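I need the structure of the sequence given here:
(chains A and B)
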Amino acid sequence: NAGVTQTPKFQVLKTGQSMTLQCAQDMNHEYMSWYRQDPGMGLRLIHYSVGAGITDQGEVPNGYNVSRSTTEDFPLRLLSAAPSQTSVYFCASSYGFFMNTEAFFGQGTRLTVV
Amino acid sequence: GQQVMQIPQYQHVQEGEDFTTYCNSSTTLSNIQWYKQRPGGHPVFLIQLVKSGEVKKQKRLTFQFGEAKKNSSLHITATQTTDVGTYFCVGGNMLTFGGGTRLMVKP
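This is a model prediction of the structure:
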C-alpha cells in the first residue's frame, strides 16, 4: 500500500530552469493538493484539484502550474525556478473535498534553487 | 480570506509537563482537523472535529472544538519525548493551515 508517492525526494535547480514534481496516489482519492513549507512555517496551499480535469488556485499559485488528467496523478510544474521557490513541497490527497476526510501526505520534495 | 492562527509558535516543556496549543479562525469553520509533523517528516492526521463544543480524546491527547466553531485546542497531558514535533490545525476543506506549534520536550 503505497499511499501518496512524491518524486523526486531532493532536487537542486538553477534559476530559470523548469521542472515537474510528481505526485501519485493509489487510494482512488478525488481530492489532491500541493503545499509548500518554508523553514519554521506552516503549509501554504499552492493548487488543488477536486477531481480529474478540475484544478484551482490556492494561496500561493504564482510560478506554478498543475494539471489533473487522471485521478491518480497530480504533477506540479515550476515554469522558471526562482530562489524564492526553495522550499519543501508536499502533495496530499483525501477521499473528497466536501467530505472533509483525513488527508494523506507524501514524504515531501526538498527543492533548492540556486 | 479565511485566516487560521495558532499559538504559541514554540513551546519548550519538561518531560511530564502538560502542553496546550490553540487555534483561532477569523470565520466559522465547518470542521477542523489536527495533524502532527515530526522533525524532517510529513504531516500525519490525528483527528477531525465537526460538532460545536465537541471534545475527543486519544490517550493523553484531548481535542476541543469551540461552541462557535471558530476555535479549537489540543491538550497533551504528561508529555513524553515521543510527542516532539509540530502540531497543525487545519480549517475547512484542507484549505487553510495554521502556522503550527512546535513542541520540544526536555527529558
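
contacts, neighbours, all on C-alpha from now
Fine.

And the residue in chain B that chain A sits nearest to, what's its pLDDT?
Here chain B gets closest to chain A at one residue, residue B:99, 4.2 Å apart by C-alpha to the nearest C-alpha. For residue B:99, the model assigns a pLDDT of 89.

and what of the one 4 residues further on?
Here the pLDDT value assigned to residue B:103 is 98.

likewise residue B:4?
Taking residue B:4 on its own, its pLDDT is 87.

which residue sits closest to the residue of chain A found nearest chain B, ignoring its sequence neighbours?
The minimum distance from chain A to chain B, using C-alpha to the nearest C-alpha, falls at residue A:42 (4.2 Å). Closest residue in space to residue A:42, ignoring its immediate chain neighbours: residue B:99 at 4.2 Å, by C-alpha to C-alpha, 6 or more residues apart in numbering or on different chains.

Pretty sure that neighbour sits in a strand.
No: assessed with DSSP: H, G, I helix; E, B strand; the rest coil, residue B:99 is coil; it does not lie in a strand.

Identify the residues contacting it.
A:41, A:42, A:43, B:4, B:5, B:6, B:9, B:88 (C-alpha atoms under 8 Å, 6 or more residues apart in numbering or on different chains).

ranking those residues by neighbours, who comes first?
residue B:88 (29 neighbours; other C-alpha atoms under 10 Å in any protein chain shown).

In this structure it contacts residue B:35, no?
Yes: between residue B:88 and residue B:35 there is a contact at 5.1 Å, judged by C-alpha atoms under 8 Å.

Grab the nearest non-local neighbour of residue B:36.
residue B:87 (4.6 Å).

residues making contact with the helix or strand encompassing that neighbour?
Per DSSP states H and E: residue B:87 is located in strand B:85-91. Residues from elsewhere that reach strand B:85-91 (C-alpha under 8 Å, 6+ apart): A:42, B:4, B:6, B:21, B:23, B:25, B:29-39, B:96-104.

Which ones among these map onto strands?
Counting by DSSP state E, these place B:4, B:6, B:21, B:23, B:25, B:32-37, B:96-97, B:101-104 in strands.

who does the lowest-mean-pLDDT helix or strand in chain B pair up with?
Among the helices and strands of chain B, strand B:96-97 carries the lowest confidence by mean pLDDT, DSSP states H and E, at a mean of 80. With DSSP bridges as the test, strand B:96-97 is paired with strand B:85-91 (antiparallel).

now the strand it pairs with, how far from the centre of its chain.
Taking C-alpha atoms, centre = their mean, to the nearest Å, one finds the center of strand B:85-91 at 5 Å from the center of the full chain.

CA atoms only for that strand, dumped as PDB, please.
These are the backbone C-alpha positions of strand B:85-91, laid out as PDB (Å, rounded to 0.1, in the frame of the first residue of the first chain):
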ATOM      1  CA  GLY B  85       7.000  17.700  16.600                       C
ATOM      2  CA  THR B  86       4.900  20.400  15.100                       C
ATOM      3  CA  TYR B  87       1.100  20.300  15.600                       C
ATOM      4  CA  PHE B  88      -1.000  21.900  13.000                       C
ATOM      5  CA  CYS B  89      -4.700  22.700  12.900                       C
ATOM      6  CA  VAL B  90      -6.400  22.900   9.500                       C
ATOM      7  CA  GLY B  91      -9.700  24.600   8.900                       C
END
